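A.B. asks: Pasted the sequence and its predicted model underneath.
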Amino acid sequence: MTVEIKKESDEDLMLLYQNGEYEAFTEIYERYAPKINGFLISKTSNIEESADLTQQVFLRIHNNRARYNRQFPLVAWVFTITRNILIDHFRKKKHLPLFFNGDIIFNDATSFNKEEENFLIDRARKAIDQLPENQKLILNQRFQEGLSFNQISQNLGVPSQTIRKRISRLIRSLKEGLK
């Protein structure tokens, strides 16, 4: 791989890949695979499933590369694909995901029909909307932006252990509110 490829922005790499530069895909994979796999492990708690889902993400990126619009950040497109694959995965397993601004917070192993699922998702969104802004900010940074506890800690100037506890309490509170 040339040094120049490594210096390209994500969006430029995708443009190169759309134009047949397959080294660009390798660089995209190297940049995103660890992040995607880590995100999927945190959602599935299963290393093998996460590895399989990560491969599905990159297969979908490959198959849909012509659809990527360079006006939008590549990271958003990649994580939209990741989220969609994860939703499909949970639906196949009949697990209910709970969303925060379109991103999964947690899933329960209980099966629900489509009507029950839609009702619960609607209640969850309303519960999240009623949270104080500082709590929504933490959830957003963790689940929508995919930031680590340490990154959120740095952003907010709060110890990472405190962030971890706040997120845990928020999720537990949301789960309890949905029962």
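C.D. replies: Now that the structure is in, tell me what you want to look at. Just so it is clear, the model here is predicted, and its values are computed rather than measured.
A.B. asks: which one's the longest helix in the chain?
C.D. replies: If you go by DSSP state H, the chain has its longest helix at helix 22-44.
A.B. asks: For this structure, which segments count as strands?
C.D. replies: Assigned by DSSP state E, the chain shows strands spanning 96-100, 103-108.
A.B. asks: What pLDDT does the model give Glu176?
C.D. replies: Looking at Glu176, its pLDDT reads 74.
A.B. asks: neighbours of it, just the number please.
C.D. replies: By the measure other Cβ atoms under 10 Å, the count of residues near Glu176 is 8. The C-beta positions use only the backbone N, C-alpha and C, and glycine is treated the same way.
A.B. asks: measure it to Arg169 for me?
C.D. replies: 10 Å (Cβ to Cβ, to the nearest Å).
A.B. asks: And Asp122, how far from Glu115?
C.D. replies: Counting by Cβ to Cβ, the gap from Asp122 to Glu115 is 11 Å.
A.B. asks: same check, this time on Ile5
C.D. replies: Taking Cβ to Cβ, one finds Ile5 at 49 Å from Glu115.
A.B. asks: go on, Gly38?
C.D. replies: 34 Å.
A.B. asks: neighbour count winner among these two?
C.D. replies: Gly38 (14 against 8).
A.B. asks: Tell me where the model's unsure across this structure.
C.D. replies: For the chain, the stretches with pLDDT under 70 are 1-3, 93-114, 116-118, 144-146, 178-179.
A.B. asks: The chain: helices as residue ranges?
C.D. replies: Under DSSP H, the chain gives helices at 3-7, 10-18, 22-44, 47-63, 74-93, 114-129, 133-139, 149-156, 160-178.
A.B. asks: Tell me which residues touch Ser160, please.
C.D. replies: Contact partners of Ser160, counting by Cβ atoms under 8 Å, 6 or more residues apart in numbering, are Phe149, Asn150, Ile152, Ser153.
A.B. asks: Please identify the buried residues of stretch 164-179?
C.D. replies: Across stretch 164-179, burial judged by 16 or more other Cβ atoms under 10 Å covers Arg166, Ile167, Leu170, Ile171, Leu174.
A.B. asks: can I get these in JSON lines with distance to Ile85?
C.D. replies: Listed next are those as JSON lines, based on distance: Cβ to Cβ, whole Å:
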{"residue": "Arg166", "distance to Ile85": "28"}
{"residue": "Ile167", "distance to Ile85": "23"}
{"residue": "Leu170", "distance to Ile85": "25"}
{"residue": "Ile171", "distance to Ile85": "22"}
{"residue": "Leu174", "distance to Ile85": "24"}
